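**Student:** with the sequence up front, the predicted model follows.
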Amino acid sequence: MPSAVLTASHLSRRFGDRLALEDVSFTLEPGEIFALLGPNGAGKTTTLRILAGLIAPSTGSVEIDGQPMSPQSAPHLRSRIGFLTEAPGLWDRLTVRDNLLVYARMYGLPSPGTVVDEALERFEIRDRGGDRAAQLSKGLKQRVALARSLLHRPRIAMLDEPTSGLDPASAREVRDLVLSLRAQGRTILLCTHNLDEVERVADRVAVLSRRLIAMGTPASLRSKLFAPRVRVTLSQSAEPFTGVLRAAGLSDVSVEGRSLLIGIANSTMATPDVVRRLVEAGAGVETVMAEEPPLEDVYLKLLNPGGEAS
Amino acid sequence: MSRAFALLGKELADLRQNLALFLPALIVTVVAIFMPVMVAVIVPAVTGERLSDSGDIEIALEMYKKDPVMRSLDPEAAIQAYVFQYFLVMLVLAPITSGMSVAASSVIGEKQARTLEPLLVTPITTLELLGGKLLGALLPSLFVAVISLALYLAVVAAVAAHGVFGVLLGPRTLGVVLLIGPLAAMVALQLAICVSSRVNDARTAQQLGIFVILPIPALLLGQMFGGIELTGPVILWIALGLFIVNIGLMWFAIRLFDRETILTRWK
């Protein structure tokens, strides 16, 4: 069992009378992508700022590599974190290269010029190195900001809304970069509203709404909230075959065109048995797929347990 | 401290791309040069009346001639030296103006462009951050002080009577422009940084800086009408006062400039 890279224990934070965060605890394991989800004002950015030692929690503690975060240790521990802020925050009048160079010096990296050149190469922005940041598109700015936050090769990358406002192609590039970071063994804390993005990249998800509502793998959250279902698509109309399944003891059966949606949670019958029954009844089975509700449904159901997911 | 120098490098690089910030300092320098030239050279030339013939200035001239350096000058040159010395105080406004422009723009500019948070997540300490910002505004102010003094002296050498330039080129001049000037500029820019943490546009920060500028014309008037004489010890006392104010402001700025305040209250 690998030891946690970051441990957040019972974090709470109050701003005046407003409680922004209440008793939040979780750990980040090495090489995982952990997504922090939540509506606006849920405390995601506050959580990131506390984890990065930028603001202090009212109660609770943060440890990075087993070392407690404190005003004294924060500058040192921050060097292990790469933090992508919500806005790229580049100095517009400086060139891309100069923007990165200042940060390379700020992190005290040896041969900052070489490090910057490597980063420009790695993030495929070498040809824009001499351009002023103001001249870049939003997607490129985000890429430069990402390069900046990873210049010092931190163990943990905290990314606040990394694809916010990007077009689909740019968002995909950023997503690919995030996946490549995981491949390098880095731990990534992803703070986002983009559920599709989380679905594609996250190993674990935490849903935050001032308090931690749920945490786990996307699959485990789904299975907690939604019964497993199977979608069987036939070559003919599905309607005549509902009776066969109900007769076999499956009560949760519905039809969508040529597809049968079958709930198998409360049944002793496994998917192969269902398919066999259908084939024996003369159905032409084309595809059989596990029916997974989108993460959006899971998220909405978690935030609004009494309401409809979609 | 290397992080403070990294930030200083950024500040200076940024400034090179934003030279318009020096425009107010340029205007102040031109005015500070033009006013004594007008009084000591242009008006006497246009009216044909020598300054030394004026009864109003005679008493001052007598006082001024007590200075051993001035005894070698003829009366007209002495009174010109008197005028140029007095207006020298106005030159202090140039580094103050540039310091305030740069500091206000630097801090508020970072707030508006949302470039502070990425900076704050680096290992930089508050002292380094503030040090980088202060030096980034102070060095250009020193540069402005030296350039404005050089221009002032060049104009004096070009238009004033023989010997005036030599009188001006002394420790008193250097003390006023290169000691009081930068120290006053530092007060101004630290005040601008403190004010910047509570307002959102550079103009407001600069307007509040009037509290630093006001004592300078007051000093000029004090010299003319209040019997204040900027002797060596007086210059040193003023410099000491400014130094103490700077220490206090630095203490205050560090407290205002903490990360949590910046992130949660700077809106």
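**Tutor:** Structure's in. What do you need? Just so you know, these numbers come straight off a predicted model, no measurement behind them.
**Student:** and the gap between residue A:102 and residue B:10?
**Tutor:** 4 Å (Cβ to Cβ, to the nearest Å). For the C-beta atoms, the positions are set from N, CA and C on the backbone; glycine is no exception.
**Student:** now whatever residue of chain A ends up closest to chain B. Nearest residue, chain neighbours left out?
**Tutor:** Relative to chain B, the nearest point of chain A is residue A:105 (3.5 Å; Cβ to the nearest Cβ). Beyond its immediate neighbours in the sequence, the residue positioned closest to residue A:105 (Cβ to Cβ, 6 or more residues apart in numbering or on different chains) is residue B:6, lying 3.5 Å away.
**Student:** does the one you found sit in a helix, a strand or a coil?
**Tutor:** helix (DSSP: H, G, I helix; E, B strand; the rest coil).
**Student:** residue A:164 too?
**Tutor:** coil.
**Student:** touching, it and residue A:87? I think so.
**Tutor:** No. Using Cβ atoms under 8 Å, residue A:164 is not in contact with residue A:87, being 9.0 Å away.
**Student:** do a quick rundown of the helices in the stretch 51-200 of chain A.
**Tutor:** With helices called from DSSP state H, counting those that start in this stretch, the stretch 51-200 of chain A shows them at A:74-78, A:96-106, A:112-122, A:138-149, A:168-183, A:195-201.
**Student:** can you list those in TSV and add mean pLDDT?
**Tutor:** Below are the helices of the stretch 51-200 of chain A laid out as TSV (pLDDT from 0 to 100):
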stretch	mean pLDDT
helix A:74-78	88
helix A:96-106	95
helix A:112-122	92
helix A:138-149	90
helix A:168-183	86
helix A:195-201	84
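**Student:** what is the burial count for residue 105?
**Tutor:** You didn't pick a chain, so chain A it is. Per other Cβ atoms under 10 Å in any protein chain shown, the neighbour tally for residue A:105 reads 21.
**Student:** oops, wrong one, chain B.
**Tutor:** 23.
**Student:** please verify my assumption that it contacts residue B:20.
**Tutor:** No. Counting by Cβ under 8 Å, residue B:105 sits too far from residue B:20 to count as a contact (9.7 Å).
**Student:** mind naming the longest helix for chain B?
**Tutor:** Counting residues, the longest helix found in chain B (DSSP state H) is helix B:126-159.
**Student:** for that helix, name the packing helices and strands.
**Tutor:** helix B:2-16, helix B:23-37, helix B:93-113, helix B:164-168, helix B:181-196, helix B:232-256 (3 or more Cβ pairs under 8 Å, 6 or more residues apart in numbering or on different chains; DSSP states H and E).
**Student:** return the residues of the stretch 101-250 of chain A in contact with chain B.
**Tutor:** Counting by Cβ under 8 Å from any Cβ of the partner chain, the residues of the stretch 101-250 of chain A lying close to chain B are A:102-103, A:105-108, A:132, A:145, A:148-149.
**Student:** which of those residues count as buried?
**Tutor:** Neighbour-count burial (16 or more other Cβ atoms under 10 Å in any protein chain shown) applied to those gives A:102-103, A:105-107, A:132, A:145, A:148-149.
**Student:** got the contact list for the residue in chain B that chain A sits nearest to?
**Tutor:** Here chain B gets closest to chain A at one residue, residue B:6, 3.5 Å apart by Cβ to the nearest Cβ. Taking Cβ atoms under 8 Å, 6 or more residues apart in numbering or on different chains, we find residue B:6 in contact with A:102, A:105-106, B:132.
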